[in-house]
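**Q** Structure of the sequence below:
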Amino acid sequence: MQSPRLVASDVDGTLLGEDGELSDRTRAVVGRMLAGGVPLVLATGRPPRWVPRVCDALGVHPLTVAANGAVLYDAATDRVLATETLDVDALAEVLDGLRAAIPGCGIAVERVGDGAFDRRDQQFVSDPTYVHAYPLPDHRQVVPGELLAEPVVKVLARHPTLDSATMATEARRAVGHLVDITYSASGGLLECAVRGVTKATGLARAAAHHGVDAAGVVAFGDMPNDLAMLAWAGHGVAVANAHPDVLRVADEVTASNLEDGVASVLERWF
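**A** Numbers count the residues shown, from 1 in each chain. Purely as a prediction, here's the structure:
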């Protein structure tokens, strides 16, 4: 591929290395890329409130596709520019379907405000059975009915003793007509957005903001929530540590995230 006009990257397991840190090599090549006029778009399953730390480490606050495409977030101004939300009626049907299809799962929902930290205590709420998949959880437990208080950008189903792929199969049978179901971790965690909303749709919106079409985009990823994005981009790159499904569909496989795989590709051009 010729020099890209826009670079998009997943964050965890792709751009970030050991312990979720950003390497000096990656930071340097991103700096050269930006100096050359090529924008970066972060594309992540993270909600907006988990994005600024990455931006601070990069030294740049780019347009970000958050919540697997359901949110377009301008990190430079701390503004949520667009959302795709699941309304409360559909949400109720999804929650019932997930609980029936995956007995014993805990449920959480993600909401957003106008900025990353707006209404923070209301953004990530869960039922009492939800077991957080990550350290330092920031969810707030509520009675199950409160999950339906308002539209959401993402539904999460968590079962600590099942694997995500098995859960996804059962969930798609039950509620796949209502939501897009994916996962970014293998340990029993599903992420559901409005049907048809993926990192690809979010990246298409971000690329249009920059005046770039798919052919001019290089995208990097590692997990099933990156599949649609890598297929949409002109050149989709998987890191070596990627999920087998991602390795199969990528146009190219680079080194792992622990070996600066993203940087090694970008250094061809920048």
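**Q** Just give the closest residue to residue 31, not the sequence neighbours.
**A** Ranked by Cβ to Cβ, 6 or more residues apart in numbering and with sequence neighbours excluded, the top spatial neighbour of residue 31 is residue 59, at 6.8 Å. (Glycine included, C-beta is placed from N, CA and C.)
**Q** so the one you found sits right up against residue 34, yeah?
**A** No: look at residue 59 against residue 34 with Cβ atoms under 8 Å: they stay out of range, at 9.0 Å.
**Q** and these two? which has more neighbours close in?
**A** Regarding residue 59 and residue 34, a neighbour count based on other Cβ atoms under 10 Å identifies residue 34 as having more, with 17 against 11.
**Q** Could you measure from that one over to residue 220?
**A** Residue 34 sits 16 Å away from residue 220, taking Cβ to Cβ, to the nearest Å as the criterion.
**Q** what does residue 239 give?
**A** When distances are taken as Cβ to Cβ, residue 239 and residue 220 turn out to be 7 Å apart.
**Q** for residue 39, same thing?
**A** Taking Cβ to Cβ as the measure, residue 39 and residue 220 are separated by 15 Å.
**Q** Compare these two (neighbour count), which wins?
**A** When residue 39 and residue 220 are compared on other Cβ under 10 Å, the one with more neighbours turns out to be residue 220, at 30 against 20.
**Q** where do the helices sit along the chain?
**A** Using DSSP state H, the helices of the chain run over 24-35, 52-58, 88-101, 120-123, 164-175, 199-209, 227-232, 244-249, 261-266.
**Q** will you turn these into TSV that also has distance to residue 148 and mean pLDDT?
**A** Shown next, in TSV, are the helices of the chain (distance: least, Cβ to Cβ, whole Å; pLDDT from 0 to 100):
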stretch	distance to residue 148	mean pLDDT
helix 24-35	41	97
helix 52-58	29	94
helix 88-101	5	98
helix 120-123	13	90
helix 164-175	15	98
helix 199-209	25	98
helix 227-232	28	98
helix 244-249	33	97
helix 261-266	39	98
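**Q** Now tabulate those in CSV and tack on distance to residue 185.
**A** Compiled in CSV, those are given as follows (distance: least, Cβ to Cβ, whole Å):
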stretch, distance to residue 185
helix 24-35, 22
helix 52-58, 17
helix 88-101, 17
helix 120-123, 20
helix 164-175, 6
helix 199-209, 15
helix 227-232, 15
helix 244-249, 13
helix 261-266, 19
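**Q** Go through those helices and name the closest to residue 2.
**A** Among those, helix 261-266 comes nearest to residue 2, with 13.4 Å by Cβ to Cβ.
**Q** Next one, pLDDT for residue 112 please.
**A** The predicted structure scores residue 112 at 96 on the pLDDT scale.
**Q** wait, what's in contact with it?
**A** Taking Cβ atoms under 8 Å, 6 or more residues apart in numbering, we find residue 112 in contact with 47, 48, 67, 71, 80, 83, 118, 123, 153.
**Q** Mark out where each domain of this protein begins and ends.
**A** According to automatic domain parsing, the chain is divided into the following domains: 6-83+198-266, 88-194.
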